Every structure is written in C-alpha cells, then in structure tokens.
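Undergrad: Sequence and predicted structure, then a few things I'm wondering about:
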Amino acid sequence: MIKDIIKNSEEKMKKTIGVLKSDLNTMRAGRANPTMLDRIQVDYYGSPCPISQLANVSSPEPRVLMITPWEKPLLKDIERAILKSDLGLNPSNDGSVIRLIIPELTEETRKKLVKNIKKAGEESKVALRSIRRDANEKIKAMKKENDVSEDEIKDSEDDIQKVTDTYVKEVESIIISKEKEVMSI
C-alpha cells in the first residue's frame, strides 16, 4: 500500500516535469519553434482549437514560422488569434499563408523571459512539494488506522523526500539550461 502511494507520487512528479518542459517550449527564445504557437487557441466554428489542429506550422528559416491553414477562411481567424496572444508577434498574411518573423531578443526581453522561466520553475517546485505533502498525509492516515508501524512511516517519508529531491534537482537543471539558451541567443 505504501509502495503504491510512493509510486503514484512519482508518476505525478514526472507529469509535473513534463508540463514544465512543454510550458518552457512555448516561450519565445529568439528562434522560430512551432511549439511557440501551442498555447494559442483559434475560434473554429464556435469552439477553441490550437493552431496545430487547423494548419500546418513549419519553420523554413531559423527565425521564420510559416502557417498554412487547411481551410483558406481560417487565415483571418488565425491571424487575429496570434495578434491577441502574448507572443508580441505581427503576422504577415499573403492570402495563402501566414508568416511570423521572430525578432532578435533585446536584453530587456531576455531578462523578462528569464523571470518567467524562473517563475515557471518555482511553480513546478511548489507542485512537487504539494505532491509530497499529499503522499505523507495518506501515509499518516494509514497510521491512524493502525495499518503501518511508526518505523514504516518514517522510512516511507524518507523515500518520498528522496524522490521529491530528485525531481526538484531536475527542475533546477531544466531552468538553468533554458536560461542559458535564452541569454546566449
């Protein structure tokens, strides 16, 4: 039973790391990356859809994204959604495709990005600690039901702490590498 709690906690922590990685991939880092557009939703017949489900997104050059919608009438909707987004990019529409030119990052923009990266890292660490707390509470509840001994509780809390520490270190290394990527472009 305790092993199941630890295993479930570790799976949740892995998902937290996955969410962090996907969030960081959507941040603009001076290079054209189709995942930058993953968060942008386009109104498609009354329901929001990501651009990747409505168009082909490619990067023909290092700082250019090209969006080719599968339906021509979607050009204006996609363009509008990009303008509303927090990416700060101006799409150019030639009637069949939308081109997004990714400008060089200024020093000020890089510093803002680093702040956002650190914030995302902190949020991930908070989520990891919350998972640890929940697991510890479940184990302590088992003690109240007299299902486990005091030693087993102590050992399992140590195991959960070790797993948490491992994932916190992974979050820190991901954040450091993303900061270097943003500052070195």
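TA: It's in.

Undergrad: what does the domain assignment say about this structure?
TA: 2-25+106-184, 34-101 (automatic domain parsing).

Undergrad: Make TSV from the ones you listed and add mean neighbour count and mean pLDDT to it.
TA: For the C-beta atoms, the positions are set from N, CA and C on the backbone; glycine is no exception. Listed next are the domains of the chain as TSV, based on neighbours: other C-beta atoms under 10 Å; pLDDT from 0 to 100:
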stretch	mean neighbour count	mean pLDDT
domain 2-25+106-184	15	87
domain 34-101	15	84
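
Undergrad: Could you identify the longest helix within the protein?
TA: Counting residues, the longest helix found in the chain (DSSP state H) is helix 107-144.

Undergrad: Could you list every helix and strand in contact with that helix?
TA: If you count contacts as 3 or more C-beta pairs under 8 Å, 6 or more residues apart in numbering; DSSP states H and E, helix 107-144 packs onto helix 2-25, helix 150-184.

Undergrad: Residues contacting the shortest one, please?
TA: It refers to helix 2-25. By C-beta atoms under 8 Å, 6 or more residues apart in numbering, the list of residues contacting helix 2-25 from outside reads 33, 35-36, 38, 117, 120-121, 124, 127-128, 131-132, 134-135, 138-139, 142, 148, 152, 156, 159-160, 163-164, 167, 170-171, 174, 178.

Undergrad: for stretch 68-80, same thing?
TA: 42-44, 51, 54-58, 67, 91, 93, 95-98.

Undergrad: what does stretch 37-54 give?
TA: By C-beta under 8 Å, 6+ apart, the list of residues contacting stretch 37-54 reads 22, 25-26, 34, 57, 65, 67, 69-71, 74, 77-78, 81-82, 85, 87.

Undergrad: Between the two ends of it, how far is it?
TA: 12 Å (C-alpha to C-alpha, to the nearest Å).

Undergrad: what about that stretch, distance to the chain center?
TA: Taking C-alpha atoms, centre = their mean, to the nearest Å, one finds stretch 37-54 lying 18 Å from the centre of the chain it belongs to.

Undergrad: again, but for stretch 75-87
TA: That offset, for stretch 75-87, works out to 20 Å (C-alpha atoms, centre = their mean).

Undergrad: who touches stretch 134-148?
TA: 1-2, 5-6, 8-9, 150, 153, 156-157, 160.

Undergrad: Just say helix, strand or coil for the residue in the chain sticking out farthest from the centre.
TA: In the chain, counting by C-alpha atoms, centre = their mean, N146 sits farthest out from the average C-alpha position, at 40.6 Å. Under the three-state scheme (DSSP: H, G, I helix; E, B strand; the rest coil), N146 adopts coil.

Undergrad: Just tell me which of the helices and strands packed on helix 107-144 ends up closest to L105.
TA: Closest to L105 of these, according to C-beta to C-beta: helix 150-184, at 7.3 Å.

Undergrad: angle of that closest one against helix 107-144?
TA: Orientation check (axes from the mean of the first three to the mean of the last three C-alpha atoms, to 10 degrees): helix 150-184 against helix 107-144 gives 170 degrees.
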